[in-house]
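Novice: just coords:
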């Protein structure tokens, strides 16, 4: 069983919550979200907010907070082989109350179908809110071009 090693990113001004499934090996090694160099999360969100793509963890954290974005994952722990969401077993959900009781979150988004499935299974009834599923920014989702992802992800800005 691997415990989620990364604290959520949020503050009292966050209006958008974006949830992944569980951090990749690279993210766990770096201690920050979307750490795989081919994951397009940072390029997509920077394009949506019309800003330069953050590079360092400090820049990424500042970018999220400046744009009122909270980030975490649906799962707090699981068994997983490498970074493959398809290998997840014995999933344990995160408790989102620390974010939802602090920040005026208007919309919850999930990054990909796996995060959506686990959100619906474990959190939707507890949280009492539906999440909007966005196409995954993972390199495994090669069918989606960067431009197509940016277009689909623009809706996060409409509610921020």
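Specialist: Great, that's in hand. For clarity, every value in this text was computed on a predicted model and none was experimentally measured.

Novice: residue contacts, residue 91?
Specialist: Going by C-beta atoms under 8 Å, 6 or more residues apart in numbering, residue 91 touches 75, 77-78, 118, 122. Placement of C-beta: from N, CA and C, glycine included.

Novice: Would it be right to say that it lies in a strand?
Specialist: Yes - assessed by DSSP: H, G, I helix; E, B strand; the rest coil, residue 91 belongs to a strand.

Novice: From here on, call the first residue 42.
Specialist: Sure thing, new numbering starts at 42, so read that last one as residue 132.

Novice: quick one: pLDDT of it?
Specialist: As predicted, residue 132 sits at a pLDDT of 93.

Novice: go on, residue 66?
Specialist: Reading off the model, residue 66 has pLDDT 87.

Novice: Identify the residues contacting the lowest-mean-pLDDT helix or strand in the chain?
Specialist: Least confident helix or strand, the chain: strand 43-44 with a mean of 82, by mean pLDDT, DSSP states H and E. For strand 43-44, the external contacting residues (C-beta under 8 Å, 6+ apart) are 63, 69, 117-121.

Novice: after that strand comes which helix or strand?
Specialist: Downstream of strand 43-44, the first helix or strand assigned by DSSP states H and E is strand 57-61.

Novice: top of the contacts of residue 132 by neighbour count?
Specialist: Highest neighbour count within the contacts of residue 132, by other C-beta atoms under 10 Å: residue 116, with 27 neighbours.

Novice: Which phi and psi values does that one adopt?
Specialist: Dihedral angles of residue 116 (phi, psi; degrees, to the nearest 10) stand at phi -100, psi 140.

Novice: Skip the chain neighbours and tell me the closest residue to it.
Specialist: Closest residue to residue 116 apart from its sequence neighbours, by C-beta to C-beta, 6 or more residues apart in numbering: residue 63 at 4.5 Å.

Novice: Good, we can wrap up now.
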